[in-house]
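Undergrad: Turn this into a model:
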Amino acid sequence: MFIAGVIGYPLNRTYSPLIHNTAFRKLKIQGVYYPMRVLPDAFGTIISLLKQLKFNGANITNPYKKEVLKYLDLIDDTANEIGAVNTVLIQENKSIGFNTDFYGFKKSLSEHNINLRDKNVLLIGAGGVACACAYVIKDEDPGQVFIANRTIRKAQEITKLCKADVIGFDQIKKVVKYIDVVINATSIDLQNMIVPALKDGSIYYDVNYKFKKLKQRRIFQVNGISMFIYQAALSFSLWTKKKPPIAIMKRALKGGVK
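TA: Residues are numbered from 1 along each chain as shown. Coordinates of the predicted model:
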């Protein structure tokens, strides 16, 4: 029996079990994927128990993508550089950390024909997902990059991954009118604050797959569905060593997100 799951808190609602269990059925893998709501005090213990509980792997979501690094036996070079892990593989009694968020974001930009070259980019957030996004942004030859976060110190840490000017939340409204692409890598819905202030033709990208777009044509809005699917597909491939049924996973997610 193949066993995997997603660990987070508060994990009020997640579609990871839906798409992974759908993929198991499609490929006739005898497996199950669980949602695991883990309190902060118990997180380290649960990661240590994954091997004893015969898990094959796990996804790590908010707020643990950085925290998990200190509990793993090995960390993939890319995940180590990003400073965040969202996928754990249990192999030969070792826990190995990977980052598939950066892959999901990169693939999503390509799927939506979003080119960051010479563009002014505003990245909002400083958590694990923001780190993965910054890792991709640095290789896309952007123009000027801003990173906004409530805690300036955390945003400054991301400048190790991507050269950027750090601003506070209170400065977003001042710079957003000059921005070509906004990437909201927080769990907060910021579209009502940001989208009306953007110039025509700009892009508002929200990493949240439950983000619902405002009804207007002036700004190109993208939610995180494709990023979520592609990061999940790479996780699935790392665990099972099989080609993930991406089209089936997409169909399951779109049917589940209302």
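Undergrad: CA atoms of the helix ranked longest in the chain as CSV?
TA: Longest helix in the chain by number of residues, with DSSP state H as the criterion: helix 225-240. C-alpha atoms of helix 225-240 as CSV (Å, rounded to 0.1, in the frame of the first residue of the first chain):
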residue,chain,number,x,y,z
ILE,A,225,-4.5,26.2,-10.4
SER,A,226,-1.8,25.3,-13.0
MET,A,227,1.0,25.9,-10.5
PHE,A,228,-0.7,23.7,-8.0
ILE,A,229,-1.2,20.9,-10.5
TYR,A,230,2.4,21.0,-11.8
GLN,A,231,4.0,21.0,-8.4
ALA,A,232,1.7,18.1,-7.4
ALA,A,233,2.6,16.2,-10.6
LEU,A,234,6.3,16.5,-9.9
SER,A,235,5.7,15.3,-6.3
PHE,A,236,3.7,12.3,-7.6
SER,A,237,6.5,11.5,-10.0
LEU,A,238,9.2,11.7,-7.3
TRP,A,239,7.2,9.3,-5.0
THR,A,240,5.9,6.8,-7.6
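Undergrad: what is the rounded mean pLDDT of it?
TA: With pLDDT averaged residue by residue, helix 225-240 scores 97.
Undergrad: again with stretch 13-20
TA: pLDDT averaged over stretch 13-20 gives 94.
Undergrad: Which positions within it qualify as buried?
TA: Of the residues in stretch 13-20, 14, 15, 16, 17, 18, 19, 20 count as buried by neighbour count, 16 or more other CB atoms under 10 Å. Every C-beta, even on glycine, is put in place using the N, C-alpha and C of the backbone.
Undergrad: Over to stretch 67-85?
TA: Going by neighbour count (16+ other CB under 10 Å), the buried part of stretch 67-85 is 67, 68, 69, 71, 72, 75, 76, 79, 82, 83, 84, 85.
Undergrad: Which of those fall within helices?
TA: Among the buried residues of stretch 67-85, the ones falling in helices (DSSP H) are 79, 82.
Undergrad: Counting only strands, which of the buried residues of stretch 67-85 make the cut?
TA: Taking DSSP state E as the definition of strands, the buried residues of stretch 67-85 contribute residue 75.
Undergrad: okay if I get the buried residues of stretch 67-85 as JSON lines plus pLDDT?
TA: Shown next, in JSON lines, are those (pLDDT from 0 to 100):
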{"residue": "67", "pLDDT": "97"}
{"residue": "68", "pLDDT": "98"}
{"residue": "69", "pLDDT": "98"}
{"residue": "71", "pLDDT": "97"}
{"residue": "72", "pLDDT": "98"}
{"residue": "75", "pLDDT": "98"}
{"residue": "76", "pLDDT": "97"}
{"residue": "79", "pLDDT": "98"}
{"residue": "82", "pLDDT": "98"}
{"residue": "83", "pLDDT": "98"}
{"residue": "84", "pLDDT": "98"}
{"residue": "85", "pLDDT": "98"}
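Undergrad: which one of the buried residues of stretch 67-85 is nearest residue 199?
TA: When these are compared for distance to residue 199 (CB to CB), residue 82 wins out at 30.6 Å.
Undergrad: Roughly how far does the closest one sit from residue 239?
TA: Distance of residue 82 to residue 239, computed by CB to CB, to the nearest Å: 20 Å.
Undergrad: Next: residue 115.
TA: The gap separating residue 115 from residue 239 is 32 Å, by CB to CB.
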